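have a look at this prediction, sequence included:
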Amino acid sequence: MAKILLVEDNELNRDMLSRRLIRRGFDVVIAIDGGQGVDMATSESPNLILLDMSLPVINGWNVAQKLKADVNTNSIPIIALTAHAMGGDREKALEAGCDEYETKPVEFAPRTSLESAKEVSGISWKPTIHHIDVPQVNASYSRQNTCTLRTSRVR
């Protein structure tokens, strides 16, 4: 089963993206800051890393550089995710070692992160669910694809 490491500090983005990936058959593990992302890239050996570029502890640019400089992680494809679609960010992400670049919100239409993930890593689709120690989010969806979220801490 293909494993994706999602490195994202924003709780709502993390929950939304991980749920969507799990529904599409990915095994998802989560890091909530850059330091944890570097550690988990080594310990979890993911097939692909989705990396937010604005992270606490170590920013995404430096995480990508560290991972590409390490012989144990340099072959793992990295897709940069950012809400800041500034001119030059794509080139900066590629120079830092990312293999692809996508802006948030991540769309699951053709030629976006999901398609990039399949192309960059050659991963297949088979669902699994991981229990992770992050806040619980209850979501309800309407016919117009709007989402109501209620969060509560789970310990």
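Arrived safely.

from now on I want contacts and neighbour counts done on CA atoms only, so please keep to that.
Will do.

how about stretch 34-44: buried residues?
Neighbour-count burial for stretch 34-44, counted by 16 or more other C-alpha atoms under 10 Å, picks out Gly34, Gly35, Gln36, Gly37, Val38, Met40, Ala41.

what strand or helix carries the third one?
Counting by DSSP states H and E, the element that carries Gln36 is helix 34-44.

counting contacts, what elements does that helix pack onto?
strand 3-7, strand 27-31, helix 60-69 (3 or more C-alpha pairs under 8 Å, 6 or more residues apart in numbering; DSSP states H and E).

could the C-alpha coordinates of it be exported in PDB?
What follows is helix 34-44, C-alpha atoms only, in PDB (Å, rounded to 0.1, in the frame of the first residue of the first chain):
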ATOM      1  CA  GLY A  34       9.100  20.600   9.900                       C
ATOM      2  CA  GLY A  35      11.200  18.900  12.500                       C
ATOM      3  CA  GLN A  36       8.700  16.100  12.900                       C
ATOM      4  CA  GLY A  37       8.400  15.800   9.100                       C
ATOM      5  CA  VAL A  38      12.200  15.200   8.700                       C
ATOM      6  CA  ASP A  39      12.100  12.600  11.500                       C
ATOM      7  CA  MET A  40       9.000  10.800  10.000                       C
ATOM      8  CA  ALA A  41      10.400  10.800   6.500                       C
ATOM      9  CA  THR A  42      13.200   8.600   7.800                       C
ATOM     10  CA  SER A  43      11.200   6.500  10.200                       C
ATOM     11  CA  GLU A  44       8.100   5.900   8.100                       C
END
